[in-house]
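Asker: I need the structure of the sequence given here:
(one chain, ligands or ions: 1)
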Amino acid sequence: MSRQLMVVGNWKMNKNLLEAFSLTSEIITQAKKLSGTIEIVLAPPAPYLHTINSMAKDVAHVKVAAQNCHFEMSGAYTGEISAEMLHSMNLAYVILGHSERRKYFGEDHVILKKKVSAAIKAGVKVIFCCGEPLDVREAGNQQAFVQKQLEESLFHLSAADMSQVVVAYEPVWAIGTGKTASPDQAQSMHAFIRTQISNTFTVDIANNCTILYGGSCKPSNATELFEQPDVDGALVGGAALKSADFLQIVNARTKAIFNNC
Ligand SMILES: O=C(CO)COP(=O)(O)O
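Answerer: Numbering: from 1, shown residues only. Below is the predicted model:
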């Protein structure tokens, strides 16, 4: 398998400056001892991005992601951050399409499509989140819902641009609820997403696309999720705020490779 395995910590709006720096140093200290097979991505709040990226710069398998960007490259948009700014800081990734941005900041598919294009154009890879709310899952319509999210905001990309995208399946009902998708539910949706990518682009692009699971991923359930063939890693929220928990998830990802062999 040639796709990049990955564990991403989305810190959301948590941690003051000193807490953010100590969490980063604890993770980097341990990451230096790892082989580098797993890419570890930290997504701290925007004010800390530059310093945390500098702290991580000597460890090739630790990367930094922004949690958002604007769809314009510059201009009179008070309070916003452009993809070009992220690129100028050498940030590897930006998370787009997170359900919290969709819900609290009114980001619809039109805005997200523009944001995805802006990030790729600026040279920043995208971690694109998709996932259904509870009522959609209960009605059994989760695949159609996710397919629409992908078609509306992601599948306009060229094949070359799509190779710069990581997809994160985050069922809304699992985010911050303690309720995780079962390994079967995750595998089934990840395989479905990969098939959609294959049908829209190429088999190679689909096979090389990293697809992460997010939603109450923690040390106790990470291994069974990572044992699924289409679950390439995790986008972790709450459990990314404690270095010990986050590193256990990274270790679970590393071990599951050997179990899969
Ligand atoms: O939203 C998430 C990551 O982006 C998941 O959050 P939790 O891991 O806290 O459920």
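Asker: pLDDT wise, what is the residue of the chain at minimum distance from the ligand at?
Answerer: For the chain, the residue closest to the ligand is residue 237, as judged by CB to the nearest ligand atom, at 2.2 Å. C-betas here are computed from N, CA, C, even on glycine. Among the per-residue scores, residue 237 shows a pLDDT of 98.
Asker: pretty sure it contacts residue 218?
Answerer: No: taking CB atoms under 8 Å as the contact criterion, residue 237 and residue 218 are not neighbours in contact, 9.8 Å apart.
Asker: looking at the two, which is more packed in?
Answerer: Neighbours around residue 237 and residue 218, counted as other CB atoms under 10 Å, are more numerous at residue 237. The numbers are 24 against 20.
Asker: next up, the contacts around the more buried one.
Answerer: For residue 237, the contact set (CB atoms under 8 Å, 6 or more residues apart in numbering) comprises 10, 12, 175-176, 214.
Asker: over to it: give its phi and psi.
Answerer: Summarising the backbone geometry of residue 237 under the convention degrees, to the nearest 10, its torsions are phi -100, psi -100.
Asker: now it: how far from residue 13?
Answerer: Relative to residue 13, residue 237 is positioned 11 Å away (criterion: CB to CB, to the nearest Å).
Asker: and if you look at residue 37?
Answerer: Counting by CB to CB - residue 37 and residue 13 are separated by 31 Å.
Asker: for the stretch 51-200 of the chain, which segments are assigned as helices?
Answerer: Assigned helices in the stretch 51-200 of the chain, in chain order: 83-88, 99-104, 109-122, 134-138, 142-153, 159-162, 183-200 (criterion: DSSP state H, counting those that start in this stretch).
Asker: and those as CSV, adding mean neighbour count and distance to the ligand?
Answerer: As requested, the helices of the stretch 51-200 of the chain are arranged in CSV below (neighbours: other CB atoms under 10 Å; distance: least, CB to the nearest ligand atom, whole Å):
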stretch, mean neighbour count, distance to the ligand
helix 83-88, 20, 18
helix 99-104, 16, 7
helix 109-122, 20, 15
helix 134-138, 14, 14
helix 142-153, 18, 15
helix 159-162, 16, 21
helix 183-200, 18, 13
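Asker: residue most distant from the centroid, this protein?
Answerer: Computed with CA atoms, centre = their mean, the maximum C-alpha offset from the centroid of the chain is found at residue 76, amounting to 28.6 Å.
Asker: among the contacts of residue 237, which ones are buried?
Answerer: 10, 12, 175, 214 (16 or more other CB atoms under 10 Å).
Asker: who's more crowded, residue 37 and residue 13?
Answerer: Neighbour totals were compared for residue 37 and residue 13, and residue 37 leads with 11 against 8 (other CB under 10 Å).
Asker: center of the chain - which residue?
Answerer: Among the residues of the chain, residue 127 comes closest to the average C-alpha position under CA atoms, centre = their mean, at 4.4 Å.
Asker: number of nearby residues for residue 158?
Answerer: Neighbours of residue 158 under the rule other CB under 10 Å: 9.
Asker: for residue 133, same thing?
Answerer: 14.
Asker: wait, isn't it in contact with residue 174?
Answerer: No: counting by CB under 8 Å, residue 174 is not a contact partner of residue 133; they are 10.5 Å apart.
Asker: about what we covered before: now the common contact residues for residue 237 and residue 13.
Answerer: Overlap between the contact sets of residue 237 and residue 13, as judged by CB under 8 Å, 6+ apart, is nil.
Asker: contact partners for residue 253?
Answerer: With contact set as CB under 8 Å, 6+ apart, residue 253 has these partners: 5-7, 38, 222, 226, 233-234.
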